[in-house]
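*Asks:* Below is the sequence, then the predicted model.
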Amino acid sequence: MEIAIIGGTGVYDPKILNNIREQWIPTPYGIVHCKSGEYAGKEVAFIPRHGSNHSIPPHLINYRANIWAIKKLGVQNIIATTAVGSLNPDMKPGEFVVIDQFLDFVKNRTTTFYEGGERGVVHVDVTTPYCPSIRNVMFEAAKELSIPFHQQGTYVCTDGPRFETPAEIKMYAKFGGDVVGMTNVPEVVLAREAEMCYATVSMVTNFAAGISPQPLTHHEVLETMQANTENIKRLILATIEQ
Ligand code: HPA
């Protein structure tokens, strides 16, 4: 297995791959259901982060099991998709952001594989949390497909599942956040701990609370995502191909 895709909101369908087969991968954190297939002569694993019918909310995703399973498959490279709200007026709904930093505002999640005991205590370096080589390939792929994208952005991760208050969004913006989502921490951190190359492309689905003139709904998020699913698929496939 060469590459894994972790599909976020709106990206549940592994049909972009050929010769799909299902796997149930046991991990110390539970069993992970994964669909694997081929694309451009490469073996690709696919895990929909929220389950195949969006039944798992962000705070209940088994992040450690997912990353462990991918590592167990022998995969070195992970391409993830994430739906985000935007705090940055330059990053508009429908646009892509190839995230390069994060701000961790999660409170109720285990964000490490290293809890002492046999595995010991490890302090992983996250100076460059997102893999520069996959990000560069994404840039090339997006340019080739003429898909507009932002080359960097800071992802603020909240617990959810509620959306944020306008006061929180104001604070995150002051802290340097560009987009806000509910899943990238601990996913990116665990991938770093597992010494894998991880990158995420974020799709802006809405302006965040207080920036958007109307209250947010999950429907709005899904609608924008659906309208841009083709582009996100094209971008991921072109990234795999390179
Ligand atoms: N906030 C948090 N997560 C999100 C948002 C948002 O506005 N949009 C999509 N995912």
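*Replies:* Noted; the coordinates are in hand.

*Asks:* Can I take it that Ser55 is in a helix?
*Replies:* No: Ser55 is assigned coil when assessed by DSSP: H, G, I helix; E, B strand; the rest coil, not a helix.

*Asks:* what about the helices in the protein?
*Replies:* Ranges of helices in the chain, per DSSP state H, are 63-72, 132-144, 166-174, 184-193, 218-227, 229-241.

*Asks:* Figure out which of the ones you listed is closest to Ala80.
*Replies:* Of all the helices of the chain, helix 184-193 sits nearest to Ala80, with 6.5 Å by Cβ to Cβ. Bear in mind the C-beta positions are built from the backbone N, C-alpha and C, glycine included.

*Asks:* okay, now Gly181: neighbour count?
*Replies:* When counting by other Cβ atoms under 10 Å, one arrives at 24 neighbours for Gly181.

*Asks:* just to revisit the earlier point, for the helices of the chain, give me a markdown table that also has mean neighbour count.
*Replies:* A markdown table is the format used below for the helices of the chain (neighbours: other Cβ atoms under 10 Å):
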| stretch | mean neighbour count |
| --- | --- |
| helix 63-72 | 23 |
| helix 132-144 | 17 |
| helix 166-174 | 16 |
| helix 184-193 | 24 |
| helix 218-227 | 15 |
| helix 229-241 | 18 |
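
*Asks:* ok, the closest residue to the ligand within the chain - contacts?
*Replies:* In the chain, the residue that lies nearest the ligand is Gly85 (2.1 Å; Cβ to the nearest ligand atom). Residues in contact with Gly85, defined by Cβ atoms under 8 Å, 6 or more residues apart in numbering, are 163-164, 169, 179-181, 204-209, 212, 216.

*Asks:* Let me see the confidence value for it.
*Replies:* In the predicted model, Gly85 carries a pLDDT score of 97.

*Asks:* Is there a neighbour count for the nearest residue to it once chain neighbours are set aside? I'd like the number.
*Replies:* Counting by Cβ to Cβ, 6 or more residues apart in numbering, the nearest residue to Gly85 once its immediate chain neighbours are dropped is Ala208, at 3.8 Å. Using other Cβ under 10 Å, Ala208 is surrounded by 25 other residues.
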